[in-house]
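Chemist: Pasting a predicted model and its sequence here:
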Amino acid sequence: MKKFLFIGLVLAVLFSGCIIPPDPKPFETPIEFDSIERESMSAIKEKTHYVINTQEDFEELYSKIHLFECAGENAECGSIALPEVNFDKQTVIAVFMGEQTYGHRLEIAKVTKVKQSDGMVYIKVYAKEIQKISDPNTGYPAVMLQPYEIISIEKTKASVKVVREFIKEYPDNLEDCAGLGEKYSGVYEDYPDECCAGLTKWPSGMDTRISVAGNCYETGKVAGSPVGTCIACGDGVCSKLEDVCNCPKDCVGGKNSDYKTLEEFCFSSEWAGMQPHCNEDTLIKDLCSICDYKIFPVTTTISELKKLNPSTGVFQLSGYVVNIYDCPPCPEGAICEPCDMPNIIISENKEMGDYVGLYELKVYNENSSEFELNHTYTFIVKIRAGKDPEEELDSVELIGYKEYVVDPDFPVELDGSKFLDQYCDAINPCPADYECASFPEVGLKCYPTTTTSNPCDFVKCSSGKECIVAESYPVQIFCS
């Protein structure tokens, strides 16, 4: 009896060992992710990561990342566009390497979903923290970096764990080479001749192309600096240095385009400066063809439009409303002479002289009462049908407008001591280091851009008013 009991106990132990498996390893599966931004400089200096599930939190984090770019005299806040993320379907993960010496970078290698034996699920992000070893004879410049990468994954509420792998990267040889974002040149000895392994040469000093709505165009501009920039074209990330012109394989969908839309380019001062050369330079024929004159008006001034004296066309210009006319009502039972259609007279000057001259233009519209005297507007107008090419241009027809409310007393102090004493407009540009603008009381002048790019720096408005740059080319300056 004891013998059978002993055998039974042994079988029970063996049998129970077969049906109770050991605690299994967590089940890990890779998931897809998109890299939103990978850069080397940030205002976040700590080694950390963020998980973002709302637009508000993303805007706050992105502003914090680019804090330094929005400070000081050379602030570029206006050019920093928040990447588009659909937070109904996506979660953003931002991984930061912390402040490091030059030569460090961070790359997210893969992302997985981990399911533990207890059913708990979390996201694991594998980040490579790479240090590129420099030539011991030259070293790296004394510049601190804060590498980071922002990615998006399918929407999740799971916790996120970041696994960091530190890697030392040794070049094939220790010859001098230019790293990511660094300059190279085959002419100047101050720069390396080549980019380091894995990077692409971009002749940035010679490249004057622009990107518009995801397409690249020649501008015909002349540039002659034999210094280029090394970029990581082909890594699947459209960095700030890249666009469709220098790296179309990474920058699909128009990312980082100089102009996001056709409208943005076709209403720009850059396009206004190129228009006169469209019939002269065959190199820019593709660029000249994208701005349909029927859709995108030529931006000019009142006086320049009257000098051109076109017979057809659509134009954008800005000016003061100096006279308003609506046909007076005819008394009941009276016989009244026909009167002119409702119109306003607009001017480049704050007041109209004794007659309509070079700087004034009559604009016919449906309801002149919409406008106010001494206010300034940007107008979209077209040449009236049937205009004789031999007749002087004295009136146009209104298509649309945008108002800028101007102080009627126009109390403004103007520092014009640095202006050039020469006429300028869209056809007659200013020399190098100067831009054309229409200033209060003095009209079109070339102002210096060596110390400032903002023409309002030369204008001091009265208390409670601010300087406004009206959308035209040349730009017009007002106090409002």
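Modeler: Ah, there it is.
Chemist: only C-alpha atoms for contact and neighbour calcs from this point on.
Modeler: Fine.
Chemist: and the nearest residue to Asn246 once chain neighbours are set aside, bridged to which residues?
Modeler: Excluding the flanking residues, the one nearest Asn246 by C-alpha to C-alpha, 6 or more residues apart in numbering is Trp202, at 6.7 Å. Legend: beta-bridge partners of Trp202 under DSSP bridges are Thr229.
Chemist: give me the number of residues near Trp202?
Modeler: 23 (other C-alpha atoms under 10 Å).
Chemist: Surely it and Cys247 touch.
Modeler: No. Judged on C-alpha atoms under 8 Å, Trp202 makes no contact with Cys247 at a distance of 9.0 Å.
Chemist: Show me which residues of stretch 256-263 are buried.
Modeler: By neighbour count on 16 or more other C-alpha atoms under 10 Å, the buried set for stretch 256-263 is Asn256, Ser257, Asp258, Tyr259, Lys260, Leu262.
Chemist: Name the nearest of these relative to Ile324.
Modeler: Among these, Leu262 lies closest to Ile324 (C-alpha to C-alpha), at 34.5 Å.
Chemist: All the helices of this structure, in order from the start?
Modeler: Listed in chain order, the helices of the chain (DSSP state H) span 2-19, 55-65, 262-266, 269-274, 285-288, 302-308.
Chemist: CA-only coordinates of the third one in CSV, if you can.
Modeler: The C-alpha coordinates for helix 262-266 follow below in CSV (Å, rounded to 0.1, in the frame of the first residue of the first chain):
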residue,chain,number,x,y,z
LEU,A,262,0.2,78.7,-54.8
GLU,A,263,-1.8,81.6,-53.3
GLU,A,264,1.0,82.3,-50.8
PHE,A,265,3.6,82.5,-53.5
CYS,A,266,1.5,84.3,-56.1
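Chemist: Tell me the span between the first and last residue of stretch 289-309.
Modeler: End-to-end distance of stretch 289-309 (C-alpha to C-alpha, to the nearest Å): 23 Å.
Chemist: Which residues are in contact with the residue nearest to Leu287 when sequence neighbours are not counted?
Modeler: Distance criterion C-alpha to C-alpha, 6+ apart; nearest residue to Leu287, sequence neighbours excluded, is Tyr217 at 5.8 Å. Counting by C-alpha atoms under 8 Å, 6 or more residues apart in numbering, Tyr217 makes contact with Arg209, Ile210, Ser211, Cys245, Ile284, Asp286, Leu287.
Chemist: Lowest average confidence across the helices of the chain, which one?
Modeler: Comparing mean pLDDT across those, the weakest is helix 2-19, with a mean of 43.
Chemist: any idea how far the residue nearest to Leu287 lies from Lys249?
Modeler: 16 Å.
Chemist: same deal with Pro429?
Modeler: Look at Pro429 and Lys249: by C-alpha to C-alpha, they are 37 Å apart.
Chemist: related to what we said a few turns ago, in strands, which of the contacts of Tyr217 appear?
Modeler: Using DSSP state E, the subset of those located in strands is Ile210, Ser211.
Chemist: Give me the buried subset of the contacts of Tyr217.
Modeler: Among the contacts of Tyr217, those scoring as buried are Arg209, Ile210, Ser211, Cys245, Ile284, Leu287 (criterion: 16+ other C-alpha under 10 Å).
Chemist: Distance to Lys183 added to the residues you listed, as CSV?
Modeler: Below are those laid out as CSV (distance: C-alpha to C-alpha, whole Å):
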residue, distance to Lys183
Arg209, 19
Ile210, 20
Ser211, 22
Cys245, 18
Ile284, 28
Leu287, 29
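Chemist: Among the residues you listed, which pair sits farthest apart?
Modeler: Farthest pair in the buried ones among the contacts of Tyr217 (C-alpha to C-alpha) is Cys245 and Ile284. Separation: 14.9 Å.
Chemist: got the contact list for the nearest residue to Glu366 once chain neighbours are set aside?
Modeler: The spatial neighbour of Glu366 that comes closest, neighbours along the chain excluded (C-alpha to C-alpha, 6+ apart), is Pro342 at 6.2 Å. Pro342 is in contact with Tyr325, Asp326, Cys327, Tyr364, Asn365, Glu366, Asn367, Ser368, counting by C-alpha under 8 Å, 6+ apart.
Chemist: Nearest to Ile150 among these?
Modeler: Nearest to Ile150 among the contacts of Pro342, with distances taken as C-alpha to C-alpha, is Asn365, at 51.6 Å.
Chemist: For that closest one, give its distance to Lys64.
Modeler: 48 Å.
Chemist: what about those two, which has more around it?
Modeler: It is Asn365, of Asn365 and Lys64, that has more neighbours when counted by other C-alpha under 10 Å, with 19 against 15.
Chemist: isn't the more buried one right next to Leu398, touching?
Modeler: Yes. At 5.4 Å, Asn365 and Leu398 qualify as touching, with contact defined as C-alpha under 8 Å.
Chemist: Need the residues touching each of these two.
Modeler: The contact sets of Asn365 and Leu398 do not overlap (C-alpha under 8 Å, 6+ apart).
Chemist: Listing request: residues of the stretch 1-150 of the chain with sub-threshold pLDDT.
Modeler: Applying pLDDT under 70 to the stretch 1-150 of the chain picks out residues 1-25, 69-79, 133-142.
Chemist: Break down it into its strands, ranges please.
Modeler: Secondary structure of the stretch 1-150 of the chain (DSSP state E, counting those that start in this stretch): strands at 27-31, 34-39, 47-52, 90-97, 100-101, 104-115, 121-132, 144-145, 148-154.
Chemist: Go through those and pick out the most buried.
Modeler: The highest average neighbour count among the strands of the stretch 1-150 of the chain, using mean count of other C-alpha atoms under 10 Å, belongs to strand 90-97 at a mean of 22.
Chemist: Give me the angle between it and strand 34-39.
Modeler: Interaxial angle of strand 90-97 relative to strand 34-39 (axes from the mean of the first three to the mean of the last three C-alpha atoms, to 10 degrees): 30 degrees.
Chemist: which residues make contact with strand 90-97 from outside it?
Modeler: 44-53, 58, 105-106, 127, 129, 146-156, 162.
Chemist: my read: Ser318 touches Phe379, true?
Modeler: Yes. Under the criterion of C-alpha under 8 Å, Ser318 makes contact with Phe379 at 5.9 Å.
Chemist: So Val222 sits against Thr208, correct?
Modeler: Yes. Using C-alpha under 8 Å, Val222 makes contact with Thr208 at a distance of 7.3 Å.
Chemist: Among the two, which residue is more densely surrounded?
Modeler: More neighbours surround Thr208 than the other of Val222 and Thr208, with 16 against 9 (other C-alpha under 10 Å).
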